[in-house]
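Asks: would you be able to build a 3D model of this:
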Amino acid sequence: MGDPFPSLRGRQMRKILTRLCGKPLPGGKHPRFRSPKTGQLFSYGYHDQREIRPGMVQRILVSDVGLSVDEARKETR
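Replies: The predicted structure is shown next:
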């Protein structure tokens, strides 16, 4: 099954998303990113100090960004 996903702070996740998807798109209340694999837009609504649970970390990286589970695990190391 592999290593479980870690929990991350909002700031850590935003850095990962910026590295993978580029700068957030302007406008709106929450930052919006474009998936580099699917081209879909998704919103990211976590505060810098808020803890993101492992299941949500996986969902964001796999479902929203479009990474495989193995690619997503490598990004969180």
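Asks: enumerate every residue touching residue 32.
Replies: By Cβ atoms under 8 Å, 6 or more residues apart in numbering, residue 32 lies in contact with 24-25, 41-44. C-betas here are computed from N, CA, C, even on glycine.
Asks: no wait, residue 22
Replies: Neighbours of residue 22 in contact, by Cβ under 8 Å, 6+ apart: 33-34, 36.
Asks: list only buried entries from those.
Replies: By neighbour count, with 16 or more other Cβ atoms under 10 Å, these hold residue 33 as buried.
Asks: of the contacts of residue 22, closest to residue 50?
Replies: residue 33 (17.3 Å; Cβ to Cβ).
Asks: got the contact list for the closest one?
Replies: So residue 33 contacts 17-18, 21-22, 24-25, 41-42, 44, 64-65 (Cβ under 8 Å, 6+ apart).
Asks: do residue 21 as well
Replies: Counting by Cβ under 8 Å, 6+ apart, residue 21 has contacts 33-36, 65.
Asks: for the chain, which segments count as strands?
Replies: 8-9, 32-34, 41-43, 51-52 (DSSP state E).
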